[in-house]
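Colleague: Based on what follows, work out the 3D shape:
(2 chains)
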Amino acid sequence: MSTSATRAGLPASQGYRSGSKPKRHYGTHIFLTVMAVMWLIPLGWALFTALRPIASTNEYGYFSIGGDFNFDNFAQAWTQGGIAKYFWNSVIISVPAVLLVLFLASMMAFAVSRVSWKFNVTLLIMFTAGNLLPPQVLAAPLFEMAKHFEVPYAFSDSGNMLNTYIAVIAVNTAFQMGFCTFVLSNYMKALSPDLTEAALVDGAGIWRQYREIIMPLCRPAFAALGTLEVIFIYNDYFWPLIFIQSGDRLPVTTAINNLQGEFLNDYNLLAAGAVITVIPTLIVYLLLQRQFVAGLTLGSSKG
Amino acid sequence: MSTTARDLVPPESRAPSGARAKGVKSGKVRRLSKRDKIVLSLMVGIPTLIQLVFVWLPTLMSIALSFTRWNGLALTDIRPAGLGNYQYISQDYPPFWPAMQHNLLWLAFLALVATPLGLLLAVLLDQQIRGSKIYQSIFFAPVMLSLALIGIIWQLFYQRDNGLLNFLLGTSGTPQAVDWFGDSSVNIWAALVAATWRHAGYVMLLYLAGLKGVDPSLKEAAAIDGANAVQTFFRVVFPAMRPINVVIVVITIIESLRAFDVVYVINRGTNGLELISALVIQNLVGEGQVIGVGSALAVVLLVISLVPIVFYLSRTFGKENRA
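Modeller: So this is what the prediction gives:
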C-alpha cells in the first residue's frame, strides 16, 4: 500500500513546482482504472445475470454471452417475489420515520443551540451517544417491550406491538434522531444570534422564532439530511428483522433475504430481485447525490 | 460532489464567535414568557422522552437482564442469575471467543486495508486528474447500498458453481472450486472484502471533503522547505485533517462492532462467520430464547463500543464544556 501511495503522490507535488502545466498521471490512471473496474464487477455481474433468462444460462452456462437478453427475470421477480408489496412496505416505514426524525430533531436542535440553559450539552451528548450504539445492544429489551405491550386486536393482529409498522417507525425515529439533532444543532449554532434576538425584541415567541426564522434558513441542511435519512431507513435491515414476523409486511431490504429461499437455485431471478431493490437508491444517487454526500460530510465536518 | 461541504455553511455564520457567546449567555431564559417556557419544554421534552424510552431504557434493561435467567415469556419468570451468564459465555459457549476474534479481525481489516484504501483513493482523486468525478461516482456507489443487499450481490459473485470469481480463477466446475461464503476457513475474508467494498468508498468521501479543507499554502510552504510529496502528506496534510481523522477512527471502530447485516444475510452468523452482534440476535430469536445470555453478549458489545463513543464525545464536546 505504501509503495503505491508514494508513486501516486509524486505527480501532485511536481505540479506545485512546475506551475499549472497540464499533468499526465499515467500511473494514477492505470491504478484508478483497475480499481474502478474491480469496483464495478460485483454490480455488473448481478446486472448481467439478471438480464439473461435461465434458459440461456442453462444452455450456454453462466460464463457466456450466448442466448437472449431481456427483462423477463425482472417481471417475474416483481410478480412472483411480491416485490411491489415490499416496496410499498418500505414506503410506509420510511416516509413517516424520516418526517418524524427531521421534525423532532429540528425542535431539539433549536432548543439546545438557540436557547441557553443548563443541560444543553448534556442532552446533546446523550442524543449523539445514543446514535453511536450498536443497535444489537438494544434489540432484546426492545423486542420484549414490543411483545409485552398489549394492544387491542383491532389495532394489531398480534395483540401487541410486534409485527406492526409503528414499532419499526418508532425505533428508527429514536435511533436516527440523535444524529440529526447533532448535525442540525451544529448548523443552527452557526446562524447569527442577531436573527432571533431581533425577533425577540419584536415580541416573537419561541415557536415563531423556530418556525418562521430558523426553519427556513435550515432548508439546505434539511435537504441533505432528508436524503441521507431516506437512504438510511430504506437500507435498514435490522429493525424489521426484529419486529416484523410475517413475511408480507417486511420492507424490501429485509425481504430480499427471503428471496434467496424463494428463488432457490434460480440465480438469475435472485439477481433480478437484487437489481430491482437497487433502483430506488440509484434514483436518489443520480438525482440527489449532492445532497446525500453533503449529509454525510456535514455529520463529520464538526469532529 | 466536492464543493458541497462548503455550500452548506449557513449564510449568516459570519458573526464573530466572541460576540455570539456573549449574546447567548446573557440570560435569554429569564426573558422567556410563560407560554414560551411551555413551548420550549415540549420541544425538548418530546424528543428526549422518545430517546430515553427507545434508546437508553433498553440499554439499561440489557444490562439488568444480563444478570438474570429468562426465556422471554412471562415477566414473572425472570430469575436472578448473578454473573452466571457471563461465566457461561466466556467458558461454555463455543462461538463466543471465535466471535471476539472475528470482531477484532473485522476491525483490523477495516483499519489496515479498507480505511487506508479509501484514503489513498481520496488522495489520488483530489489531484486535478481527468475523470475524477467519474471515478468518485464509481467508488462511492456501494455506499448507497444496504449491507444486506451487498451480501446478496457478493453471494452471486462468490458462489461455488456459478459464481464469477471461481470462473475467473479457472476453478469453476472443478473440485478445487471454493464456496467463498460457505467454506468456514475463507468466508470471513470473503465477507471482509465485501465490507471493504462499501467502507473504502465511505472513507474516500469523507477524506475528499477533508482534503478540500486543508489550506493549500501549507502544502506550498512544505514544498518550498524541500519536502517531497510523501513527507508533505504525512507531516503536513494528514495532521491538518485531524478532525476528520478522529471521525474516521470512530466510524471504523463502530462499523466493525456493528457489522451484522452481511454475515446475517449469508448464514445468520454461523460456521466461520460468528460476530458478537450476530450471537446476540441468535440468542434472542432462536428456539431457546435465552434472553439472559443474549443480554450478556449485548453488554459485552456495549462495553467495547463505549470506548470509541467516549473518545469521540470527549473530543467533540470537550471544547464546548471548557469554553
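
Colleague: what helix or strand is residue 294 on?
Modeller: Using chain A here. helix A:267-300 (DSSP states H and E).

Colleague: wait, chain B
Modeller: Using DSSP H and E, the element containing B:Gly294 is helix B:291-322.

Colleague: what's that helix packed up against?
Modeller: Secondary-structure packing of helix B:291-322 (3 or more CB pairs under 8 Å, 6 or more residues apart in numbering or on different chains; DSSP states H and E): helix A:120-132, helix A:136-148, helix B:57-65, strand B:68-69, helix B:84-91, helix B:242-258, helix B:276-285. (Glycine included, C-beta is placed from N, CA and C.)

Colleague: B:Asp36: which element?
Modeller: Assessed by DSSP H and E, B:Asp36 sits inside helix B:34-51.

Colleague: List the buried residues in that helix.
Modeller: Of all the residues in helix B:34-51, those buried under the rule 16 or more other CB atoms under 10 Å in any protein chain shown are B:Asp36, B:Val39, B:Leu40, B:Met43, B:Val44, B:Pro47, B:Thr48, B:Ile50, B:Gln51.

Colleague: And the closest residue to the fifth one other than its chain neighbours, its phi and psi?
Modeller: If you skip the residues right next to it in sequence, B:Val44 has A:Ala111 as its closest partner in space, 4.6 Å away by CB to CB, 6 or more residues apart in numbering or on different chains. Here is the backbone geometry of A:Ala111 (degrees, to the nearest 10): phi -60, psi -40.

Colleague: A:Ala111 and A:Val101: what is the separation?
Modeller: 16 Å (CB to CB, to the nearest Å).

Colleague: ditto for B:Asn267
Modeller: 33 Å.

Colleague: out of those two, which sits in the busier spot?
Modeller: Per other CB atoms under 10 Å in any protein chain shown, whichever of B:Asn267 and A:Val101 has more neighbours is A:Val101, with 27 against 16.

Colleague: Kindly report the domain assignment for chain B.
Modeller: B:35-95+B:274-323, B:100-266 (automatic domain parsing).

Colleague: ranking these by burial, who's on top?
Modeller: Neighbour counts (mean count of other CB atoms under 10 Å in any protein chain shown) averaged over each of the domains of chain B peak at domain B:100-266, with a mean of 20.

Colleague: hmm, back to that, now do the helix holding B:Gly294 and helix B:57-65, the angle between them.
Modeller: Relative orientation of helix B:291-322 versus helix B:57-65 (axes from the mean of the first three to the mean of the last three CA atoms, to 10 degrees): 130 degrees.

Colleague: List the contacts of stretch A:50-64.
Modeller: Residues from elsewhere that reach stretch A:50-64, judged by CB atoms under 8 Å, 6 or more residues apart in numbering or on different chains: A:49, A:66-74, A:266-269, A:271-272, A:274-275, B:162, B:164, B:167, B:172.

Colleague: any idea of the mean pLDDT in it?
Modeller: Mean per-residue pLDDT for stretch A:50-64: 75.

Colleague: Now do the buried residues in it.
Modeller: Result for stretch A:50-64 [16+ other CB under 10 Å]: buried residues A:Ala50, A:Leu51, A:Arg52, A:Pro53, A:Ile54, A:Ser56, A:Thr57, A:Tyr62.

Colleague: among these, which are in strands?
Modeller: Among the buried residues of stretch A:50-64, DSSP state E puts none in strands.

Colleague: quick check, nearest of those residues to chain B?
Modeller: A:Tyr62 (4.4 Å; CB to the nearest CB).

Colleague: The helix or strand containing A:Ile233 vs chain B: in contact?
Modeller: Here A:Ile233 sits within helix A:219-234, counting by DSSP H and E. Yes: applying CB under 8 Å from any CB of the partner chain, one finds helix A:219-234 touching chain B at A:Pro220, A:Ala221, A:Ala224, A:Ile231, A:Tyr234.

Colleague: which residues does residue 114 contact?
Modeller: Here I'm looking at chain A. Residues in contact with A:Arg114 (CB under 8 Å, 6+ apart) are A:Met188, A:Pro193, A:Thr196, A:Gln209, A:Tyr210, A:Ile214.

Colleague: actually chain B
Modeller: B:Ala195, B:Thr196, B:His199, B:Ala200, B:Val203, B:Thr252.

Colleague: nearest to B:Asp126, of those residues?
Modeller: Distances from B:Asp126 to the contacts of B:Ala114, taken as CB to CB, are shortest for B:Val203 (13.3 Å).

Colleague: in the stretch 1-150 of chain B, which spans are helices?
Modeller: With DSSP state H, counting those that start in this stretch as the criterion, the stretch 1-150 of chain B has helices at B:4-7, B:17-25, B:34-51, B:57-65, B:84-91, B:96-109, B:115-126, B:132-140, B:147-158.

Colleague: Mind putting the ones you listed into CSV with distance to A:Ala174?
Modeller: Shown next, in CSV, are those (distance: least, CB to CB, whole Å):
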stretch, distance to A:Ala174
helix B:4-7, 28
helix B:17-25, 28
helix B:34-51, 5
helix B:57-65, 10
helix B:84-91, 27
helix B:96-109, 25
helix B:115-126, 29
helix B:132-140, 29
helix B:147-158, 21
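
Colleague: Reformat those helices as JSON lines; add mean pLDDT.
Modeller: What follows is the helices of the stretch 1-150 of chain B, written out as JSON lines (pLDDT from 0 to 100):
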{"stretch": "helix B:4-7", "mean pLDDT": "40"}
{"stretch": "helix B:17-25", "mean pLDDT": "41"}
{"stretch": "helix B:34-51", "mean pLDDT": "89"}
{"stretch": "helix B:57-65", "mean pLDDT": "92"}
{"stretch": "helix B:84-91", "mean pLDDT": "86"}
{"stretch": "helix B:96-109", "mean pLDDT": "91"}
{"stretch": "helix B:115-126", "mean pLDDT": "91"}
{"stretch": "helix B:132-140", "mean pLDDT": "88"}
{"stretch": "helix B:147-158", "mean pLDDT": "87"}
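
Colleague: Tell me which of the ones you listed sits nearest to B:Leu211.
Modeller: Of all the helices of the stretch 1-150 of chain B, helix B:115-126 comes closest under CB to CB, at 4.5 Å.

Colleague: I appreciate the help and will end here.
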